[in-house]
Each structure stands twice: as C-alpha cells, then as structure tokens.
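Asks: from the sequence below, what's the structure:
(chains A, B and C)
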Amino acid sequence: MVQEWLGALRLIDHHCHGVLDRDLEPAEFEALLTEADEPGTELSGSLWDTQVGFALRRWCAPVLGLPAHASPDDYLARRMELGADEVNRRFLTAAALDVLCVDTGYTPQAMLEPPALGKLAGARAYEVVRLERLAEDAVADEVSAAAFAGEVRSRLNAKVRSESVVGCKSIAAYRAGLELSGERPTGAEVTSAAGRLLREADRAMAGRSAPPRVSDEVLHRFLVWCSVDAGLPVQFHVGYGDADADLRRGDPLLLTSLLQAVAPTGVPVMLLHNYPFHRHAGYLAQVFPNVFVDVGLATHNLGHRAPTLIAELLELAPFGKVLYSSDAFGLAELYHLGALLFRRGLGAYLGSGVEDGAWTEEDAVRVGELVASGNARRAYRLPQAQEQAH
Amino acid sequence: MVQEWLGALRLIDHHCHGVLDRDLEPAEFEALLTEADEPGTELSGSLWDTQVGFALRRWCAPVLGLPAHASPDDYLARRMELGADEVNRRFLTAAALDVLCVDTGYTPQAMLEPPALGKLAGARAYEVVRLERLAEDAVADEVSAAAFAGEVRSRLNAKVRSESVVGCKSIAAYRAGLELSGERPTGAEVTSAAGRLLREADRAMAGRSAPPRVSDEVLHRFLVWCSVDAGLPVQFHVGYGDADADLRRGDPLLLTSLLQAVAPTGVPVMLLHNYPFHRHAGYLAQVFPNVFVDVGLATHNLGHRAPTLIAELLELAPFGKVLYSSDAFGLAELYHLGALLFRRGLGAYLGSGVEDGAWTEEDAVRVGELVASGNARRAYRLPQAQEQAH
Amino acid sequence: MVQEWLGALRLIDHHCHGVLDRDLEPAEFEALLTEADEPGTELSGSLWDTQVGFALRRWCAPVLGLPAHASPDDYLARRMELGADEVNRRFLTAAALDVLCVDTGYTPQAMLEPPALGKLAGARAYEVVRLERLAEDAVADEVSAAAFAGEVRSRLNAKVRSESVVGCKSIAAYRAGLELSGERPTGAEVTSAAGRLLREADRAMAGRSAPPRVSDEVLHRFLVWCSVDAGLPVQFHVGYGDADADLRRGDPLLLTSLLQAVAPTGVPVMLLHNYPFHRHAGYLAQVFPNVFVDVGLATHNLGHRAPTLIAELLELAPFGKVLYSSDAFGLAELYHLGALLFRRGLGAYLGSGVEDGAWTEEDAVRVGELVASGNARRAYRLPQAQEQAH
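Replies: Numbers count the residues shown, from 1 in each chain, chains lettered A, B, ... in the order given. Next comes the predicted model:
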C-alpha cells in the first residue's frame, strides 16, 4: 500500500543538469553512464557491467519498448532508431517530476536549457547558479580586482531578480576542497585573491591557454557568502564525482566550521551526493537546523543497492531534512532511473517499517511526501504543486 | 528462543548521565531527543520525525500507558500528567539494568546523582569521573601551576578510594580532538600547560567571563595518564555527539599512537559511541587487547536501524570486547530505549546466526551474556550480579 | 541455480602468503586467527569468539572430519592428530583454486614456497615480489647509494625474466602511509634517500640492532615506479591489517595523486583488503580504468558478515574490476575459508539479484566468472585455466 502510494509520488529533483539533445555514439553513451571519464577499455571491461548499467537495462529498456535486460547493443540500436527527441521526451516524462532545479554552470557541450527541459518533463524548471562559473565569467569580462566583489554580487542579484533562480551551487570540492574557513573573507582578501585570478587570466590569454578556474579557498568562501547574503540556498558538491576531484577533500565534515558560521543566517545549505560520506552528511543534517542532504548521483550508480544507501542516509538525518536529486547529466535515462530507484528505495524502506511496526502507515505517507517534495518546497520556498502534479 | 532469552537479559549500562528530575516543556523535550542543540524549526521540521522520535513513540508510549505510536502531543500530555518522578521510575525500571556507570561531569542543570538514579533503576550505580572537569575544578580552586599535576592526581586518588568510582572519561574529542600523542607529557610540559590555563582563568575572572575549559592536547593526555596510572579504565567520547564537536577530530583511529602507548599497561580503554566510525573502532578492539567498544547514543538515535549498527560493530570487534551503553542524558526514556533496542538488535543478530548455522545456540547465549554484562563486569572488575538481577 | 554454479567455481587467489609447514600450539594458532599480535588475554577474552573463529569452527571442522561448530579444544586436538601435512593438504585442496599469487616477502618464520603451495592446492602458483623487501635485500648486500636505483631495477628485471613473477606489492601503508606523491622521484632524490637508508644500515650493523626498513616516501614511490616501468601490476596493502600499521594512513583515497600519475601507463594497480575503506576503493575502481580491488583478509575475518562486505564493494566498483584474494597467511584454514566465504557471498549476491530481477541469470553467471577468475586472468595476463580446473 505505502509502496504503491510512494511509487506514484511526483518528485522535486532539486539538483540536475541539462540533457544532451542529439544522438549518441555507443562509446559516448558508455562514458556518460558512470563517473569514469571514458568508456571501458580492454583492461577495465565494459562499464555496462556496473550497477548502473544493469539498472538501466532493467528499467529503461521497457521505456523504449524493449524487454527488460535488453543487451547494450540492442538498447543502443533502439535508442538511435527512436532518435534523441523521442528518447528524451519518454524518459523525462517517465521520471514523473513536479519540479527540476537545473545547475546550468557545467556545459562542456550544448545541452537543453531549463525551460526546454521543463517542457519535456511536464514540470516547472528553475535554475541553480554555479558560483564559480559566475566569478569566472566576471573575470572573462575583465572586471578589475577592486570591482570584482561588487560585480559578482551585482550579477547574482540580477539572477535573483529573474525569479527563475532558486539557489546557488559551490564546486569547492572539485577545486580547493571543502575545508573552507568559518570566517567571512575581508574585502581586502577577496580583492587580493581576485587579483591573482585576473593575472592568471592575463597570462592565459597571452599564452592562448584555457582561462583560469576559481580554485582559491578565499574565493570559494566569498562566493558562498554572496549566496547566503542574497538569501539563496547554497548547494555543495560533496563526495562522489569524477576523478578530477580528490574525494578525500570532499568529506562533508570538512565543512563544519563554515556550517557553524552560516547556521545563524538560517539560509539552507544543501549537501549533494555525499556517498560514501552519506552518514557524515546525515549527522550534519541532524545537528544543523539549516542543513539538507541527498544521495543524488549515487542513487542511480548504486542501482540494485540504492535501498541500502537510502536507509543509511536516513539513520541520523531527520526525515524533514532529506531531499531528492538525480544529478542527471546528459543522458535522459538518468532522470528516470534516479527518480525510479529513489521512489522504490524510499517506498520499500518506509513500507517495511510499517510492516515491522516501526511507524504507522499515516506517518510513512506523511514523511514520504516530505522527502519526495515537501522538504524541497519548504527549503527553496517553491509554490505548491501544479494541479497536474497528482 | 535465543531472542527471547536475550530479550530478558539485565544489562550493564557502562556509560550514561543523570536524568532530569522535573517536568519538561515540549520544546525542551524535543531538544533533548537528538544531538541538535534546539528543537526543530520551521525550516528543519520537527525532530520527532527522526528515527529516535519514531522509536520513542513506538516503545515508550506503552510504558506510559498509551498506545504505541501515540502522537507527540498526546505523549507529552500524558508525561506531564504522570509527573517526572513517576515517568523516571517507570523508564528506569523498564530498562532492566544490573549496573549503571554514570558520568557525573556534565551537569548544565541539576540532575539526579548516581545513588538516586541507581535506586530508581533498582540497580547498582557507580561513578565515572570526567577528567577535564576534575582539572577545571582544580583550576577554579586556584591551585598553582607547579602544584597542578600533584593536585589532580591527589583528587583522582581520593575518588578512587571512595570505591564508587569505576573509571574516568576523556572528552578530548570535544576539545583538542583525538589526535593525542603516544608520549607521556613531561612534568615541565604539564606545568607549562597548566600555567596557560591558570592565566586564562585569571583573565576570565577579571573580565567576569566563563572560566576556561581544558582544551590543550598536553592536558588531555596528562589526564588520560593519570587515569591509567591509577589503574582506572579510561572512556573516550568518540564520534557522534553534538555540533560543538568537530566530528572529523573524533575518529578513533586518531587515538592509535596513544593506544599503542597505553596497551602495555593493560588498563582498559573504552571507545564510546563511535558512529559513524564504528567499524574503525571494531578494528581497534581486535588489534589492541585492552580496547573495548560500544555504540551508545547511536543505538537509540538510529532506532529502527540499530540492528545494522550492531551488526557492523560486530564485524571485527571480538565478542569479548563489546559493551553496552545508553549514553542517556536527561530524558528517562533514553535509558529504556537504548537498552531495549540493544537487546533486540543483539538478540536478532545472534538469533539469525543460529538459524543460519553460523554459530550454535549455546555459543549465542554465551556471547550474548558477555556483551550484555560479562565484558563490562570483567573490564571494570565489578562484583557479580545481585540476586534480584535475574 | 546461480548460487550452486558459483559455489563450484575455481578461484584465482591473487594475493596470499605461504602456509606454515608444522604443527601449531593452541596459543600460536589463536594468534594467527586475527590481526591481533597475540592470542586473547584474560582481559580480552578468547579470539575464537570472533566472526573468523565462529566461521572456522563451522566450515573448517568438517574438513577435518569433525562436526560443524566443534569446540576450539576439539578442533586443535584433531588438527594435531592429523598433522600439519595432512591438514594443509585438505584445506588447500578444499579451497578449489585455479591459481595462487603468493607474496613471498614476509617470512618471519619458514613457510611453504609457492611451488610447494601450488602442488598442495593442485593449482598453478606465481610469485608476487614485495618491493620494500627487494630494496632492503639490496641494502643488506651493501650496494652503494649511487648504484641503488640500478641495482633494484636489475634485481626486479631478473625476477621478471623468471616468468614465475606476475606482480609486485607495496607495503607503503605499513610504513610511510599511502599518501604518495604523483611525481616520479628524480634520480638524485632516490640516491639521497638510499644514502640515508644505507647509513642507518651501517649504524644498525655497528650496534648489532635489526637492519633498517624502507619507510621513506621517496623510496616507496620509486619502487612503485620500478614495477610500473617493468610492466608489472602493483598490489598495495590498503586498510585493514595488524596494529603495526596506522589505519588512518591506509585509506586508498590517499593514493589518488599517484593513481592519476600511473593511469596513463595502463599498468594495473590492485588495491588489497580495503576494509573499512572498501567503498572508497570501489570508487577508485570505477574512475581509474587500471584500478582493481578486492576485500581479501576482511572476507574471512568478517565471517558471517562477508556477504554485506562483498555487496558494499560491488556498489561502485564495476564487475570487471573486482578480484578475489584470501590474503591467507600461515594457517591453511584461511585459504579455504576465504574462498568459501567469497564464493558463497558472491553467489548469494548475484543469485538474489536474479530473483529480484536486477539482472538475468546469464549476466550473473558471466560476471560471476569475471570476478572469480576472469578479471585476474586478464589483468595479470595469466594463461587460460587448466583442464582440471573445471
């Protein structure tokens, strides 16, 4: 009963990326399946032989009209036959989402923008501003060091006024690491750090190399405070990601000092992904009233093991502090797979608790709804679900 | 069979605090439920919507004569109606304890002292001396830096002679962190560190601010050696606690050097709580013959998930090295809930092993008794259980 | 079906040690059961009361003709009665191995060499060269600092030509820790570090103390590159081991920089044991195409909990990147117990996935074979299984 009910819940996917709007070659598809940079090699074996590969064959093949467990070759052939538009439409619809919050700051190639993505999904789509990208864009526009801080705040405020923006995201975990100080940086520190970045940018331009990336602890921290000062919830990439990040520096406990400093503002902080540190994240969600957590990205990558992941997150994290995200990037399948595995995992968890007498069916339904969408709606101050959402 | 037998075992709760001896307001009760400092907020949602909240409604409501899963409002109303004395008596009795070892060093408000707590529980109550408090009391009494070390040892020895003291506790994890050196500090180092603390105390008195707290690695370490030299088992707060601690510094592996130094003395070291580092603690319990471990505090906070926690602790930790504690503080419910969830979790674990043929029923009963009380009795050299204990 | 099929699979044990070729006293046997240095004490209790102790009584007693769960005393008496040769033969045969890769570098006492071990097991036996031992032997032979690097490479190349060598092993985790730089050390750095080691060796000889051990980050790193340059897969001790190692320094994430540097060579890197960091290791196996992982040592030490361990490893680690090892040392029982628990755990895992519809029986059989032997065969370039292997 509870499981069926949860199985039909529309979700708020509070952190995802755009989808690729074109057909994909087999190697390209395989490279997008996991966090490896490339498809499998002769040495590694196929990346279809992963939890996410098996989960995709099981759950996504039927959406394309194939039997469950279709072979990778059959799957890719059918995908090509249907074409990207139809494939994207089918999976985004199947995901059964009420809202998408789209991180628009990582676009190594052209991807569908939030409005188009929302339209495909039959859902409202909001934007999440990637803070480091915002700063890098200001640098590319040759702001002066002295004007940097003001320019960044002004660009962020313009975003806020657009009303499609619901939060910001920090990728400090990929750059300086999450060990950010609890002190607000002074104006002089920000100017000095911006000056270093601008000089790097000059050298890059002279040498025709790639423009520099924000990777200075002071700047990451400054950007987080810009978001907090604007009253915008801050998402942090935490834990699991590609090999470009040093996972050691992605433990959410490294954020403790900063979280202590931000807590009094009451601005929500969202810890994304978290695996394999999701129990650490659950602790932070319990002791900081403004910290929310999810296990996006890991949910579809763990496939058949997703229920265990969800159960471990729900050890210390209060039910009112857990969110859903897919962290889907590029492949339409991942919006659906993340949503399906999360709904099934949460439903199985809450349902088995009802059977064991751990909580009542009424409570299971109530907290299921919180996790599926109520918590995100409250934390991001989103309007109530649309009529068609039920 | 095994589960029923274990379900009736009296436990030694080798680490708990006092209980509050007065009626509690709803917000106060909610703030004491978890390790958050405050009750839930509009943003966070209610802290009743946690594993511990659901477990409390399920298991504690019937002790107050309510149906399982009573609503928080009904629960609190009934609690008020019965009054603190009756509520405390019911839960302490329901806990079915043989012995309580009470950390008397953290009393932000008046709490029942060990003798009164033991009387309520129908159990013998011993005292665990909080080392940092002992040192802070000596500082408050204006000992000189040169006399500090001797004064601390002398106060500790007086406690030992009282015969109600069975061990000491270090809260280094909340202050300098657990990365304590394996070297004994020299007398000069201790005098110098004590001098710093005394000067802080003078400044605090002059400025009418709060007296300073021991947070110097040298002093934490000195205090641990005082306990070891007195032959008193040392408890360490490890892992999970409130946001005042930096959880990163609470990993028990940080204690490795100190454990190597203490091992030859044969004085028991007890690692408390340990979540989410309980597997690290289990490893230490296996390789150091004098290290014991528990999952107190986490047991009731994980509620429905406590069986998994217990099973993970029992991966590497030998059955002869695992203890029970509640770490209950303030709420009478937590003495009962910790004991109930531990007995049920251990019973389910050992019982399912019997069913699977992993061990015999005879072995399950034998190691169940060790974990419930035998190990604590041996490590703390406690007398045999009282007649009425069975 | 799947479970039965997997239960009959011959395994490649890609990392083990020699077996003791003599009868063992009870205390000696107990000390070899776990990673504790000594048998249990009056304080700790018996180390038979551990997961590995219970698993051994259950699964190994019948191999010696005793009922399952025989008492430790009966077990040891029967073992003595049969004699070491017969006991070793029975367990090595029962392990049902196709190949053993034997680390020959840790021999505190005489142990069976790979050929004799292979003969006992009816399996092909290869050698794994312990890198630090190779360097220490060169130092013992009084190579000069300037000639050190060349001598080490030359000794390694001689090993490679012997054709019985299939890989190298680094024990940096036990010495300098796994935080090895991603830079190749320069010749001057290696000469300088070798000079320090040689001077220590001189002092040790003069003082008749034990010869020095390699514990310099530069030398560990140099040795890893020697193996990589020779095209030999490198095994790393990671995580769980005895108290001589500081487990904090054994987290595989500390290897990230070095793994990034080695990845382009395509030389396989094998992360051994990994517990309690096996999820970290699984992540590395996903994002680095040349990284392979196992949960040897932990598998038999976790006994009844081994299925959970295997399931956690298989969260992010692709099925093509997981290997089997026992890490058996000294006790013949451990070759059998590791293999049995791994086969059962993997079989239960893959079989329950078939029942739940997570993957097909065909896929389960295929990836089961990869994990049991196919991945190791591919990574170490071993010849196909012998006829008698099936």
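Asks: C-alpha from now on. contacts and neighbour counts both.
Replies: Fine.
Asks: surely residue A:129 is in a strand?
Replies: Yes. Applying DSSP: H, G, I helix; E, B strand; the rest coil, one finds residue A:129 inside a strand.
Asks: if I look at the closest residue to it other than its chain neighbours, what pLDDT would I see?
Replies: Setting aside the residues directly before and after it, residue A:129 is nearest to residue A:168 in space (Cα to Cα, 6 or more residues apart in numbering or on different chains), at 4.5 Å. pLDDT, residue A:168: 98.
Asks: which helix or strand contains the residue in the stretch 51-200 of chain A that chain C sits nearest to?
Replies: Chain C sits closest to residue A:54 of the stretch 51-200 of chain A, with a gap of 6.2 Å, by Cα to the nearest Cα. Using DSSP states H and E, residue A:54 maps to helix A:51-59.
Asks: list the contacts of that helix.
Replies: A:33-34, A:47-48, A:68-72, A:75, A:300-305, A:333, A:337, C:314-316, C:318, C:357-359 (Cα atoms under 8 Å, 6 or more residues apart in numbering or on different chains).
Asks: over to stretch A:248-256?
Replies: Counting contacts by Cα under 8 Å, 6+ apart, the residues outside stretch A:248-256 that touch it are A:173-174, A:177-180, A:237-240, A:271, A:274, A:277, A:280-281, A:284, B:246-248, C:253-254.
Asks: tell me the mean pLDDT over the biggest helix by length in chain A?
Replies: Longest among the helix segments of chain A by residue count, using DSSP state H, is helix A:332-356. The average pLDDT for helix A:332-356 rounds to 97.
Asks: how about stretch A:70-79?
Replies: The average pLDDT within stretch A:70-79 is 98.
Asks: so what's the gap between that stretch and the chain middle?
Replies: 27 Å (Cα atoms, centre = their mean, to the nearest Å).
Asks: touching chain C at all, that stretch?
Replies: No. Applying Cα under 8 Å from any Cα of the partner chain, one finds stretch A:70-79 separated from chain C by no less than 9.9 Å.
Asks: now do the contacts for the closest residue to chain B within chain A.
Replies: Closest residue of chain A to chain B, Cα to the nearest Cα: residue A:287 (4.1 Å). With contact set as Cα under 8 Å, 6+ apart, residue A:287 has these partners: B:35-37, B:242-243.
Asks: kindly report the same for residue A:103.
Replies: Taking Cα under 8 Å, 6+ apart as the criterion, residue A:103 is in contact with A:15-18, A:127-130, A:169.
Asks: mind listing what's buried in stretch A:162-172?
Replies: A:164-172 (16 or more other Cα atoms under 10 Å in any protein chain shown).
Asks: and chain A, which residues reach chain C?
Replies: Residues of chain A lying close to chain C (Cα under 8 Å from any Cα) are A:34-37, A:40-41, A:43-47, A:49-51, A:54-55, A:58, A:69, A:240, A:242-243, A:246-248, A:276, A:301-305.
Asks: which of those are buried?
Replies: By neighbour count, with 16+ other Cα under 10 Å, these hold A:34-37, A:40, A:43-47, A:49-51, A:54-55, A:58, A:69, A:240, A:242-243, A:246-248, A:276, A:301-305 as buried.
Asks: out of those residues, which are inside helices?
Replies: Cross-referencing those against helices under DSSP H gives A:51, A:54-55, A:58, A:301-302.
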